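Student: this one's sequence-less:
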């Protein structure tokens, strides 16, 4: 999906001092998995793809990560660029996308009500 313009402006203003170059999830997609092992296999596949440049991995599945920052939600976020002859030709090879790797068990709680609560939580934090 694509982040709404309103949310992009809100995020750039609240989190990045109106510097839109820091927003790396305008274009994003989620992939759902049955197990952590499946998430790990996907990470290896992404990392070994010669047409993908991994920019950042945020592993919220790591027990060392403070889940209170994400209202208890855990996933793995991969920011990446796709560099192919097609992306080079149209000039989008530097565009950073986000792939969210989510356990199905966690996704079940990320329903409409859960997401509304997260938005309220994020707004209270000013993010």
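Tutor: Right, received. Where do you want to start? Worth saying up front: this structure is predicted, and the values here are computed from it rather than measured.
Student: who's in contact with the spatially closest residue to residue 33 that is not a sequence neighbour?
Tutor: In space, and not counting its chain neighbours, residue 33 is closest to residue 39: 4.9 Å by C-beta to C-beta, 6 or more residues apart in numbering. Just so you know, the C-beta spots here come from the backbone N, C-alpha and C atoms, and that holds for glycine as well. Residue 39 is in contact with 33, 61, 76, 101, 103, counting by C-beta atoms under 8 Å, 6 or more residues apart in numbering.
Student: at 6 Å what do you get?
Tutor: By C-beta atoms under 6 Å, 6 or more residues apart in numbering, the contact list for residue 39 reads 33, 76, 101.
Student: So the residue of the chain most remote from its centre versus residue 95, what's the distance?
Tutor: The C-alpha centroid of the chain is most remote from residue 89, which lies 25.8 Å away (C-alpha atoms, centre = their mean). According to C-beta to C-beta, to the nearest Å, residue 89 stands 13 Å off from residue 95.
Student: export the contacts of residue 39 to a markdown table and tack on neighbour count and secondary structure?
Tutor: Output for these, formatted as a markdown table (neighbours: other C-beta atoms under 10 Å; DSSP: H, G, I helix; E, B strand; the rest coil):
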| residue | neighbour count | secondary structure |
| --- | --- | --- |
| 33 | 20 | strand |
| 76 | 22 | strand |
| 101 | 23 | strand |
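Student: which one of those is nearest residue 18?
Tutor: residue 76 (28.5 Å; C-beta to C-beta).
Student: gap between the closest one and residue 99?
Tutor: Computed as C-beta to C-beta, the residue 76 to residue 99 distance reads 9 Å.
Student: Which parts of the protein are strands?
Tutor: For the chain, the strands defined by DSSP state E occupy 28-33, 52-59, 76-82, 97-103.
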